[in-house]
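Engineer: Need the 3D shape of this:
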Amino acid sequence: MKKYLKTLVLFVLLSGVVSPLILVSAIPVPSQDEKIHFRYSVATTVLDWDPASFNPSTGDAYRYACLENMVTMAAGWDGIDLDMLIPMLATSWDIEPWPSEMNQAPVPFTNSGGVKAINWTLRENVTFHDGSIWNASVAKWNYDRIFIITGDLTGRGDTQMRDDYWININELEPFFTPSWNLSWAKGQVGGYDGMIAPGPSNSSNALWEHVPIVNNTQILDPGGPNGGGEIRIEFNDWSTFWVYDLSHMNPGAYNLIISMETYKADYTDQSFHGYDAIAGVRPLVGTGPYIFSHHTPTGPASGGLLAKNPDYWNRTALEADGWFDVDVIDFVVFPDDGRDARNTAFYTGNLDYAIDVAGWELNYATVTTDPDLVYVENDVGYPYMRCITMNCINETYWKYAYDQGWTDPVTGYPIPTDYLGNSGVDGIPRLFRKAISYAFDYDGFILTAYEGRAYRANSFLGANSSYANEAIPMPYLNLTIAREAMLAQFPTETAANGLNLGNIDNDALWQSVAAGGTPIFKLNFYWDIAPDHLVQKDYLVTALANLGCSYYEDHPDDGLPSNQFTNTFQSYAGGAYPYFIYQASIGVDWTHYDNYIVHPFLYAYHRNIGDYSFDMGWNAAHMYLDNVTFWLEEFYYSNGTHQQEIMDNIAVTLQTYEYPWVWICETMTGAAWREEWDINYAFYASALPYTRIRYVGKEKDLAPIPGYTIGIFLSISLVTMLGTIYAVMRKKKLA
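Structural biologist: Next up, the predicted model:
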């Protein structure tokens with residue numbers, strides 16, 4: 001009996017002491033054999049992934065997890081400080097500059113800041129998902145493949161990215177220097193590393209007098225049994241942009257590395273399309289931390305899956321630091337207009353991570369107050385500006401060419417037309433563009449469309465650019481300035497409607513002219529059906545009404561849905577429309593990093609691209625200004641403080657005289673995740689850092705007893721139990 005009582009005493013005592021500790025310390029953690037899943041959303045529009053022919057899309061969520069490149073960018077990288085770059089498939093690099101020399105431009109200046117070559121020392125002990133090894137031969141094959149495909153050098157290529165990788169030397173010629181001179185390509189069909197493009201040698205050949213941005217890729221050291229080695233990339237182009245582009249320093253990350261062993265036999269000179277298996281070859285075989293399983297865009301089995309790469313080269317170091325925790329990434333597919341469904345899934349715990357960007361906005365009040373969610377705001381706006389593009393063609397020689405009946409000597413079409421023969425002439429007069437810019441209610445739109453969560457544009461360059469100069473005026477809501485411009489632009493029309501300086505502040509009068517039978521101007525325009533686009537349309541219509549102007553209703557014969565208005569000025573690709581007015585997002589991220597600008601993006605801002613070429617793909621506003629063209633090219637071949645002077649010149653021209661766009665705002669963005677995750681969101685600059693995620697669970701706080709600490713609770717428990725034991729023993733003794 002005594003032995004029994006001693007055991008009972010010990011058991012009850014230990015139970016009373018330990019039980020509260022168990023309750024306090026318990027947190028949910030996965031068992032050792034349970035895989036950790038991370039649920040991430042994508043839209044159904046997941047396009048191509050091939051580095052030589054990809055389309056940026058929600059498919060990037062797969063690409064960034066499966067494929068890597070030489071380096072990546074730390075968050076906040078300024079484009080200059082190489083110490084901020086993170087080594088990936090290269091461990092070190094050496095950049096050889098072009099000499100700074102005087103060029104032969106009409107107004108000569110010194111070319112500076114160019115890159116002649118870069119040597120990459122490749123990382124050893126890296127394997128692809130198929131088990132093949134990363135070395136110099138694989139690196140050279142990847143870079144060669146880009147130019148073979150984009151130049152269509154075998155007749156099996158894909159030229160949709162040609163303008164990004166091949167340049168017309170006639171555009172470069174005024175800026176040649178004694179050391180950097182591509183005159184050897186005059187009168188030649190473009191080629192790469194001894195391979196020449198097929199086709200006739202005449203001006204209709206797209207590669208006539210073109211050169212690839214890279215002259216060649218050389219193997220300096222093939223590497224050993226563990227791979228690695230060293231390669232050298234020699235450039236034809238001047239700008240440092242291509243160094244960043246070809247090394248994953250560019251946010252576009254075009255040139256991610258794929259497996260030569262898996263793809264060489266069939267895909268050295270042709271590209272992939274789609275995310276399904278191609279002829280039995282699995283997609284996205286790279287060196288990245290996750291291995292692609294599948295992507296099913298629609299149907300009951302929609303979704304995608306990536307599995308953790310057990311042989312990832314950086315796995316040991318990451319796991320030692322407590323990262324790289326996720327075994328499986330589950331992609332949950334939502335339709336392109338599925339913002340609300342995605343938000344519901346996230347708020348109810350069926351997603352772990354969600355981005356907050358225009359078109360896929362989260363409810364800011366919800367994500368910032370819900371205790372189960374973590375929200376991080378980006379320090380700058382999304383790198384695309386909400387704007388309205390205005391057709392400025394009347395200010396260019398295209399209008400004169402059309403009026404004179406000139407035709408394109410190649411296509412025979414009147415100028416201006418696209419190569420399909422679609423034509424359009426009349427644009428918006430310059431002072432009318434100014435009036436619209438000063439009649440738009442920017443603050444009202446930002447409040448209505450984005451609940452105030454957007455940056456008012458402070459420059460045509462956007463908030464991301466260090467070249468944005470806020471001292472240079474931007475248009476703002478001022479109807480007096482707007483109507484003064486209307487009086488100057490349309491003196492006859494305004495006088496006929498009784499509008500003059502004496503009634504310039506009479507809103508009702510100006511609006512009645514717009515609503516009457518003879519508005520000053522009737523505008524064609526197009527809008528999308530996204531919610532913020534519809535709000536933008538409403539604010540534009542209000543701006544027009546305040547200027548005594550109206551807009552055309554839907555044309556019954558234009559073949560467009562009833563919510564879209566356009567004139568006859570159609571796109572060369574037949575998909576989108578360059579318009580009288582088009583509300584779009586303008587890419588301004590090309591000036592985000594201080595030391596590069598790229599040739600295709602010169603076209604976005606008034607690049608004069610030839611006497612008989614009407615490239616509507618880049619210059620949506622159809623503004624061709626010799627001074628702006630020269631300044632952009634001078635920027636391309638310059639560095640230092642002179643670049644700021646150049647951008648200031650352009651800003652003065654566009655923001656205070658030409659008004660080719662209504663620059664509205666950049667939306668504030670961020671990301672949110674469930675509290676049971678820890679994510680080093682700031683580690684990378686351009687994508688979710690898949691390897692910097694860990695599951696931490698969520699400690700559920702027990703409701704405390706008022707007035708008691710855990711020490712007091714344990715003391716009382718101990719005294720109570722000892723009293724109980726004493727009573728039991730006394731009862732046994734009396735018995």
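Engineer: which residues are in contact with stretch 484-504?
Structural biologist: 429-432, 434-435, 438, 480, 483, 509-510, 513, 516, 518, 520-521, 547-548 (CB atoms under 8 Å, 6 or more residues apart in numbering). Quick note: C-beta positions are derived from backbone N, CA and C, even for glycine.
Engineer: And Ser225, how far from Asn119?
Structural biologist: One correction, residue 225 is Pro, not Ser. Here Pro225 is placed at a distance of 22 Å from Asn119 (CB to CB, to the nearest Å).
Engineer: Same drill for these two, tell me which one is more crowded.
Structural biologist: Neighbour count, other CB atoms under 10 Å: between Pro225 and Asn119, Asn119 has more, with 18 against 9.
Engineer: Check which helices and strands the strand or helix carrying that one sits against.
Structural biologist: Using DSSP states H and E, Asn119 falls within strand 115-124. If contacts are counted by 3 or more CB pairs under 8 Å, 6 or more residues apart in numbering; DSSP states H and E, strand 115-124 sits against strand 90-97, helix 136-150, strand 227-235, helix 241-245.
Engineer: what lines up beside that strand in the sheet?
Structural biologist: Note on strand 115-124: by DSSP bridges, its sheet partners are strand 90-97 (antiparallel), strand 227-235 (antiparallel).
Engineer: could you give the angle of that strand to helix 136-150?
Structural biologist: 130 degrees (axes from the mean of the first three to the mean of the last three CA atoms, to 10 degrees).
Engineer: could you point out which element follows the helix or strand of the chain with the lowest mean pLDDT?
Structural biologist: The helix or strand of the chain with the lowest confidence, counting by mean pLDDT, DSSP states H and E, is helix 2-25 at a mean of 33. Once helix 2-25 ends, the next helix or strand along the chain (criterion: DSSP H and E) is strand 37-43.
Engineer: quick check: mean pLDDT across that next one?
Structural biologist: Averaged across strand 37-43, pLDDT comes to 89.
Engineer: What of stretch 233-240?
Structural biologist: Taken as a whole, stretch 233-240 has an average pLDDT of 83.
Engineer: Stretch 498-507 now?
Structural biologist: The average pLDDT for stretch 498-507 rounds to 97.
Engineer: Any idea how far apart the tips of that stretch sit?
Structural biologist: Start-to-end span of stretch 498-507 (CA to CA, to the nearest Å) is 13 Å.
Engineer: any weak-confidence spans in the stretch 1-150 of the chain?
Structural biologist: Low-confidence segments of the stretch 1-150 of the chain, defined by pLDDT under 70: 1-33, 56, 74-84.
Engineer: State the distance from Val541 to Gly517.
Structural biologist: Taking CB to CB, one finds Val541 at 18 Å from Gly517.
Engineer: If you count surrounding residues, which of those two has more?
Structural biologist: Higher neighbour count among Val541 and Gly517: Val541, with 17 against 6, using other CB under 10 Å.
Engineer: Distance check, the more buried one against Ala449.
Structural biologist: 14 Å.
Engineer: next one: Arg63
Structural biologist: Arg63 sits 30 Å away from Ala449, going by CB to CB.
Engineer: where do the strands sit along the stretch 451-600 of the chain?
Structural biologist: All strands of the stretch 451-600 of the chain, identified by DSSP state E, counting those that start in this stretch, fall at 454-456, 522-523, 550-551, 581-587.
Engineer: where does the nearest residue to Thr44 once chain neighbours are set aside land on pLDDT?
Structural biologist: Distance criterion CB to CB, 6 or more residues apart in numbering; nearest residue to Thr44, sequence neighbours excluded, is Pro297 at 4.6 Å. For Pro297, the pLDDT comes out at 78.
Engineer: Correct me if wrong: Pro297 contacts Ser57.
Structural biologist: No - with contact defined as CB atoms under 8 Å, Pro297 does not count as touching Ser57 (11.3 Å).
Engineer: Quick one: residues contacting Val42.
Structural biologist: 58-59, 61, 304, 331-334.
Engineer: for it, which residues make a bridge with it?
Structural biologist: Going by DSSP bridges, Val42 forms beta bridges with Val333.
Engineer: Which segments of the protein make up each domain?
Structural biologist: 2-27+703-734, 67-103+112-272, 384-667 (automatic domain parsing).
Engineer: among those domains, where is the model least confident on average?
Structural biologist: Note on the domains of the chain: domain 2-27+703-734 shows the lowest mean pLDDT, a mean of 35.
Engineer: quick one on the thing from earlier: mean neighbour count and distance to Thr316 for the helices and strands packed on strand 115-124 - can I get that in JSON lines?
Structural biologist: Output for the helices and strands packed on strand 115-124, formatted as JSON lines (neighbours: other CB atoms under 10 Å; distance: least, CB to CB, whole Å):
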{"stretch": "strand 90-97", "mean neighbour count": "14", "distance to Thr316": "16"}
{"stretch": "helix 136-150", "mean neighbour count": "23", "distance to Thr316": "23"}
{"stretch": "strand 227-235", "mean neighbour count": "22", "distance to Thr316": "17"}
{"stretch": "helix 241-245", "mean neighbour count": "23", "distance to Thr316": "29"}
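Engineer: could you dump the ones you listed to JSON lines with distance to Gln489?
Structural biologist: Below are the helices and strands packed on strand 115-124 laid out as JSON lines (distance: least, CB to CB, whole Å):
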{"stretch": "strand 90-97", "distance to Gln489": "49"}
{"stretch": "helix 136-150", "distance to Gln489": "44"}
{"stretch": "strand 227-235", "distance to Gln489": "47"}
{"stretch": "helix 241-245", "distance to Gln489": "39"}
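Engineer: Of all the ones you listed, which one is nearest Phe630?
Structural biologist: Among the helices and strands packed on strand 115-124, the nearest to Phe630 by CB to CB is helix 241-245 (18.8 Å).
Engineer: ok, back up a step: how many other residues sit next to the residue nearest to Thr44?
Structural biologist: Neighbours of Pro297 using other CB under 10 Å come to 18.
Engineer: now do the one 10 residues further on
Structural biologist: Residue neighbour count, defined by other CB under 10 Å, stands at 15 for Ala307.
Engineer: For it, give the beta-bridge partners.
Structural biologist: Judged by DSSP bridges, the bridge partners of Ala307 are Ile291, Val328.
Engineer: Against Thr262, how distant is it?
Structural biologist: 17 Å.
Engineer: which residues do Pro297 and Ser57 both contact?
Structural biologist: Counting by CB under 8 Å, 6+ apart, the residues touching both Pro297 and Ser57 are Val46.
Engineer: Break down the stretch 601-735 of the chain into its helices, ranges please.
Structural biologist: Secondary structure of the stretch 601-735 of the chain (DSSP state H, counting those that start in this stretch): helices located at 626-636, 641-653, 710-734.
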